[in-house]
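Visitor: this one's structure only:
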């Protein structure tokens, strides 16, 4: 299945016309023709099965044949708050792979030791969208704006809160505290790790210090290890 994505599609639509950019991709790049079947998601758990009725590079039009509800293939909600890496390619790699494995929400966080303080949301969202389509998922992970760690931990409290850091303090393995079907929020710090004051503040807000293993991991590797650990415990 080749999956398309368009957030504007709704279950009430009977016909739909793509914009110029997507129309050109469908006709010129993919060489789709009238009568071809298209599979489209709106990123909100819906699969639209459609027939191409106008193959024009400026305004491709489809008839919606049917709409299917696609349940999320995991029974938990995973929110990773992670500091963008100095080399943005590494952060983009994390977004792509985390989306492929399964994640619900990502918040880029600005920390005391952050080396990257600017991100391009449009590009990052495109990477997530592409990974969703490639992995045949029908729920688009939510990407939040760059947020200070202090603001994040003030607003995000509750249960199953974890912080992964490198300081030599008492920590538990993430896999030892995870339980199936539980919602989790996990903090992953920048290349220079969280500062002592940030770790202390997180403790005060109820975040449990966790370890991701014996190895010292890069930021993006730590983030993906956490995503995979949650996925594995739920299989």
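Guide: Okay, I see it. Note that the coordinates shown come from a computational prediction; the quantities given were computed from them, not determined experimentally. Numbering: from 1, shown residues only.
Visitor: part of a helix, is residue 21?
Guide: Yes - looking at residue 21 with DSSP: H, G, I helix; E, B strand; the rest coil, it is inside a helix.
Visitor: excluding sequence neighbours, find me the nearest residue to residue 24.
Guide: Leaving aside its sequence neighbours, residue 24 sits nearest to residue 57 (CB to CB, 6 or more residues apart in numbering; 4.7 Å). From N, CA and C alone the C-beta is placed, and that goes for glycine too.
Visitor: phi, psi of that neighbour?
Guide: phi -70, psi -10 (degrees, to the nearest 10).
Visitor: and it, how close does it get to residue 132?
Guide: Look at residue 57 and residue 132: by CB to CB, to the nearest Å, they are 25 Å apart.
Visitor: of these two, who's got more company?
Guide: For residue 57 versus residue 132, neighbours defined as other CB atoms under 10 Å are more numerous around residue 132 (21 against 13).
Visitor: wait, a helix at the more buried one?
Guide: Yes - applying three-state DSSP, one finds residue 132 inside a helix.
Visitor: give me the domain ranges for the protein.
Guide: 3-69, 78-233 (automatic domain parsing).
Visitor: what about the helices in the chain?
Guide: Using DSSP state H, the helices of the chain run over 20-24, 88-101, 121-134, 149-155, 174-177, 196-204, 219-233.
Visitor: average pLDDT across the second one?
Guide: Just to be clear, that refers to helix 88-101. On average, the pLDDT along helix 88-101 is 98.
Visitor: buried residues, it. List them.
Guide: 90, 91, 92, 93, 94, 95, 96, 97, 98, 99, 100, 101 (16 or more other CB atoms under 10 Å).
Visitor: what is the burial count for residue 86?
Guide: So residue 86, with other CB under 10 Å, has 14 neighbours.
Visitor: going forward, count from 27.
Guide: Will do, 27 is the new start, and the previous item becomes residue 112.
Visitor: give the buried residues for stretch 87-97.
Guide: Neighbour counts over stretch 87-97 (16+ other CB under 10 Å) mark 87, 88, 90, 93 as buried.
Visitor: what about those residues, which are in strands?
Guide: Using DSSP state E, the members of the buried residues of stretch 87-97 that fall in strands are 87, 88, 90, 93.
Visitor: show me what contacts the second one?
Guide: Just to be clear, that refers to residue 88. 41, 42, 43, 44, 64, 66, 76, 77, 78, 79 (CB atoms under 8 Å, 6 or more residues apart in numbering).
Visitor: and these, which are buried?
Guide: Using 16+ other CB under 10 Å as the burial test, the contacts of residue 88 include 42, 44, 64, 66, 76, 78 as buried.
Visitor: nearest to residue 182, of those residues?
Guide: Of all the buried ones among the contacts of residue 88, residue 182 sits closest to residue 66, with 32.7 Å by CB to CB.
Visitor: can you tell me the centre-most residue of the chain?
Guide: The residue lying closest to the centre of the chain (CA atoms, centre = their mean) is residue 167, at 3.9 Å.
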